[in-house]
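1. Provide a 3D model corresponding to the input given below.
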Amino acid sequence: MDKIKIIFLGTSQAIPTAARNHTSILLQYKNENMLFDCGEGTQRQFRKVKINMGKITRLFISHWHGDHILGLPGLLQTLALSNYSKTLYVYGPRGTRKFMDLMLRIFVYVGKIKVEIREVNEIGNGKILETSDFEIHAEKMEHGAPCLAYSFVEKDKIRINKKKLREFKIKNSPLLARLKEGKDVFINNRKLRAIELTYRAKGRKISIIMDTKINSGIEKLAKNSDLMICEATYLENSENGKKLASEYKHLTAKQAGEIARKAGAKMLVLTHLSQRYEHKEKLILEEAKKVFKNSRIAEDLMRIDL
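-> Residues are numbered from 1 along each chain as shown. Predicted coordinates for the structure are as follows:
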């Protein structure tokens, strides 16, 4: 099974702290390196985790507030200076094409790279990208600017039951690949039925929910996620926590936990923490765990492999 690697490059809210950089998450799968948001300082975080920025294949923008996109000008210039030869596919909410165009005109870049922009309002909600191995889905969120949440959905795969092959005393053969296509094969004058020797491996799902107030689209997007990454900007059980979350259109840790439970997620990782909870992250975690036990707090440079 191919690994899915998640690297948290930044986990803070609008104002970074000494320990938490502005928001950015890297998802690695096969030949894809997909960056979700690009807060200020993201380039240095790439250096710290020793990953070449030239490997980035796609960029998904949740919304155009500064703490989620101010790392873009520097990243684009570095890619140009590094002779980035791929096309950078950029996905984002309404206005992404206009903002990218303004950014490319405002900053004086040394060299150019090829950028292809796809606004989700042009593609429609739901599935916005499909390859032979995975899909990316998007749902509109409710925040102070057009905003999206995303999910990575690996496609189910047909796999050969190696235990049964051993039982049948069948050695490796190029013909076995046809079993994955659902085709019966003959090996040593023996018919091997695909239905008896293969099984369907369920694909994995990762959901990434950034800035938003509580809304029904979150549960829809995160349904049956193996990993749900969600903002938890405020503590509900604190003075004005729930009120602030509603006023500034964010989530509390309790709300994130409730969504994960209702969506049937397997694991919840909380991110986008307010600076007011620096050195008090344990309170955020405790609040979420009361409603969803398998919760944890994201830390900068933290890795999760699925």
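2. Show me how the chain divides into domains.
-> As given by automatic domain parsing, the domain ranges for the chain are 4-156+202-305, 158-199.
3. If I average pLDDT within each of those domains, which one is lowest?
-> Among the domains of the chain, domain 158-199 carries the lowest mean pLDDT, a mean of 81.
4. measure it end to end?
-> Start-to-end span of domain 158-199 (Cα to Cα, to the nearest Å) is 6 Å.
5. what secondary structure does Glu139 sit in?
-> strand (DSSP: H, G, I helix; E, B strand; the rest coil).
6. tell me the contacts of it?
-> Asn125, Gly126, Leu148, Ala149, Gly217, Ile218, Lys220, Leu221 (Cβ atoms under 8 Å, 6 or more residues apart in numbering). C-beta coordinates here come from the backbone N, C-alpha and C atoms, glycine included.
7. one step back: which of the domains of the chain sits most buried?
-> Most buried of the domains of the chain by mean neighbour count (mean count of other Cβ atoms under 10 Å) is domain 4-156+202-305; its value is a mean of 19.
8. For that one, measure first residue to last.
-> End residues of domain 4-156+202-305 are separated by 6 Å (Cα to Cα).
9. quick one: it to chain centroid distance?
-> Distance of domain 4-156+202-305 from the chain centroid (Cα atoms, centre = their mean, to the nearest Å) equals 6 Å.
10. Please tabulate the contacts of Glu139 in a markdown table and include distance to Ser132 and secondary structure as additional columns.
-> A markdown table is the format used below for these (distance: Cβ to Cβ, whole Å; DSSP: H, G, I helix; E, B strand; the rest coil):
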| residue | distance to Ser132 | secondary structure |
| --- | --- | --- |
| Asn125 | 23 | coil |
| Gly126 | 19 | strand |
| Leu148 | 24 | strand |
| Ala149 | 24 | strand |
| Gly217 | 27 | helix |
| Ile218 | 28 | helix |
| Lys220 | 25 | helix |
| Leu221 | 23 | helix |
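11. which among those gets closest to Lys114?
-> The nearest member of the contacts of Glu139 to Lys114, counting by Cβ to Cβ, is Leu148 at 23.2 Å.
12. ok so, going back, ok, so of the contacts of Glu139, who is nearest Glu258?
-> Nearest to Glu258, judged by Cβ to Cβ, of these is Ile218 at 10.1 Å.
13. Quick check: that closest one vs Phe168, distance?
-> As judged by Cβ to Cβ, to the nearest Å, Ile218 and Phe168 stand 47 Å apart.
14. cool, and Asp300?
-> 50 Å.
15. again with Ala232
-> Separation of Ala232 from Phe168 (Cβ to Cβ): 51 Å.
16. cool, and Glu236?
-> Glu236 sits 57 Å away from Phe168, going by Cβ to Cβ.
17. how about the helices in the stretch 1-150 of the chain?
-> Ranges of helices within the stretch 1-150 of the chain are 42-48, 66-69, 72-81, 96-106, 120-123, based on DSSP state H, counting those that start in this stretch.
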